[in-house]
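Novice: Fold the following and give me the result.
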Amino acid sequence: MAVSAPAVQLDLLAARRWALTARAMLAEARPRIDALNVFPVPDGDTGTNMFLTVDGALDMLRERPDLTGKPLQLHEGLGLIARGMLLSARGNSGVILSQLARGLHEAVADAGPELQSVRPDVLADAFVRADAMAWAGVTSPVEGTILSVSRAAAAGATRAAALRDAEVHAVALAALQDARDALVRTPQQLPVLATAGVVDAGGAGLVLLVEALERVLSGRGAEGPDPTRASWFGGVPATAVDDVAAAVEGSPLRTLPRVPCEEHGDGAHEVMYLLTGSDPARADHLRAHLARVGSSVLVVGGPGEWRVHVHLDQPQAALEAGAAAGRVEQVTITALPTAGRVPPAEITERPAVGVVTCAAGDGLAAVFRRAGAQVVRSAPGARASTGQLLNGIWVVEARGVILLPNDPDTLLAAQAAADAAGRDGLVVEVIDSVAAVQGLAALAVLHHDDDLAANVAAMQEAVDATRHGALTTAGRDGPTPVGPCRAGQWLGLVAGRIVTVDDAPASVLHGVLAALVDEDTERLTVVLGEGARRGAVQQVLDEMLPQRHTELGVDWIEGGQPTYPWLFGAE
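Specialist: Below is the predicted model:
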């Protein structure tokens, strides 16, 4: 392959430019990537999740203070980028995206701490590692998805690195070319993509990340033709996007007054910062987390800006927790006297089992809390990040924690949070719950006095025994397994699959409930979302029950969740 000499080495400065370029490109492309969602259900947020993954990582790193006074080495800087992307990762696509940064960090670290710029073979190794981690993290990998694009990028990078006189730009260019080719092939591998006339959304986001790397190494940076105008975006209408400059640079913030605090407290450092972009619920969550890992905790202010103060041994833990709750600014860290410090409570003093669960509405969150769970808010378009889930895990006062994602697109983030917590000495198990009603069923069999293994087995069994359904409206015209739908029509889903489409919600309700309720069903849980009426479901049940059985118990919950006005769980 003949390529011109690269203008840039892949050193730490170039790596930072790569992240900034990727954020700008994803900010521009995210509505169009979201629109690639083949499901007409209005919760397609792949592009948004990928943008927030990179955006959150850079916000987290921007205000990180230098605690050593020494310049960052390449492997250290890449480690911070990888850590930031992991904690900011949202959705399965965001987690897979973060694997590329992790693969680059691990490849450089293994090549030796003295390495100051990435060699071609090390970059190829990074692509291979990232691909292996991505495939290993998915329970049932499918060709024609972001995984196919990842594998192709790794193959292209490996081929280019093996050539004599290979250069890092040539490796990135080969990875990009093969990734683009693989993306174009995704409709041939997945019939649902071919029917919709689109490519895989996650794969499109990964191509943009690789293109950002190639642009930086070529010396072009963010300049060049708009990648969202490429042929593989064909058929996707242009959509108004957020201001890219605002997404990259942020906005000026006023300074809150310094918070008075105790002169002494446990911990080797005093950490203070301004938290913005948060809300009272997340501020309360942060306060509880910091009280667990430190002392002299103050989180005051609101409703959108909070002054945070804590004493603790590891300042980065306070910064990461803040980044998971909002935007961290104006950081100051001061060393404290160590005399008279009291060591924190040992982990063995905590209760046996605690639970962290995701919830999309206020009502669902209240029900989960009454059941004894720590709640992390997560909904389509605003899914919980790995860092937010990890924050929730740390808040729980227990030796073992059970995590309920309650959403198929949060499973990988949940597993990533569990893995990160495990490296910090916590024991966390993820239950494969993909619906809120499954989370409710799992909490119904929780016994805090039983050990972790017994609870995990019982809760997973409850999840597996709960059939789930939902109603929503189509966000756009598109194909479905039961025929085409128009924007605004009602869609009925069972186990995540569209089973009925109609203009009338009563007809769709009947179709979903008929698929869920049979003679063996003992209980039906109905979760009412925003704008949903109980009477509409009751009328359908009254018509159905004489034909089925009259012993069915029905539980009604005012969930308040967006996007899905009615959720159903049948046991």
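
Novice: tell me the domain ranges of the protein?
Specialist: Here the chain is described, according to automatic domain parsing, as comprising the domains 12-226, 269-335, 348-463, 467-570.

Novice: where do the helices sit along the stretch 101-250 of the chain?
Specialist: Secondary structure of the stretch 101-250 of the chain (DSSP state H, counting those that start in this stretch): helices located at 120-137, 146-161, 168-189, 191-196, 201-218, 244-249.

Novice: Put together JSON lines for the ones you listed, with mean pLDDT on each row.
Specialist: What follows is these, written out as JSON lines (pLDDT from 0 to 100):
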{"stretch": "helix 120-137", "mean pLDDT": "91"}
{"stretch": "helix 146-161", "mean pLDDT": "95"}
{"stretch": "helix 168-189", "mean pLDDT": "94"}
{"stretch": "helix 191-196", "mean pLDDT": "83"}
{"stretch": "helix 201-218", "mean pLDDT": "93"}
{"stretch": "helix 244-249", "mean pLDDT": "26"}
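
Novice: Nearest approach to Val430 belongs to which of those?
Specialist: helix 120-137 (11.7 Å; CB to CB). Bear in mind the C-beta positions are built from the backbone N, C-alpha and C, glycine included.

Novice: other SSEs contacting that closest one?
Specialist: Secondary-structure packing of helix 120-137 (3 or more CB pairs under 8 Å, 6 or more residues apart in numbering; DSSP states H and E): helix 91-111, helix 146-161, helix 168-189, helix 411-423.

Novice: let's see it at 6 Å
Specialist: Contacts defined by 3 or more CB pairs under 6 Å, 6 or more residues apart in numbering; DSSP states H and E place helix 120-137 against helix 91-111, helix 146-161, helix 168-189.

Novice: and the helices of the stretch 101-250 of the chain, which is most packed in?
Specialist: helix 201-218 (a mean of 26; mean count of other CB atoms under 10 Å).

Novice: what's that one in contact with?
Specialist: Helix 201-218 is contacted from outside by 6, 8, 14, 17-18, 21-22, 25-26, 29, 33, 36-37, 46, 50, 93, 146, 149, 153, 168-169, 172-173, 175-176, 179-180, 183, 186, 221, 227, using CB atoms under 6 Å, 6 or more residues apart in numbering.

Novice: Output the helices and strands packed on helix 120-137 in JSON lines; the columns should cover distance to Gly137.
Specialist: Below are those laid out as JSON lines (distance: least, CB to CB, whole Å):
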{"stretch": "helix 91-111", "distance to Gly137": "7"}
{"stretch": "helix 146-161", "distance to Gly137": "10"}
{"stretch": "helix 168-189", "distance to Gly137": "19"}
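
Novice: Ala371 is nearest to which of those?
Specialist: helix 91-111 (25.7 Å).

Novice: And the closest one, what's buried?
Specialist: The neighbour-count check on helix 91-111 (16 or more other CB atoms under 10 Å) flags 91-109, 111 as buried.

Novice: Repeat that for stretch 362-377.
Specialist: Those would be Gly363, Leu364, Ala365, Ala366, Val367, Phe368, Ala373, Gln374, Val375, Val376, Arg377, for stretch 362-377 by 16+ other CB under 10 Å.
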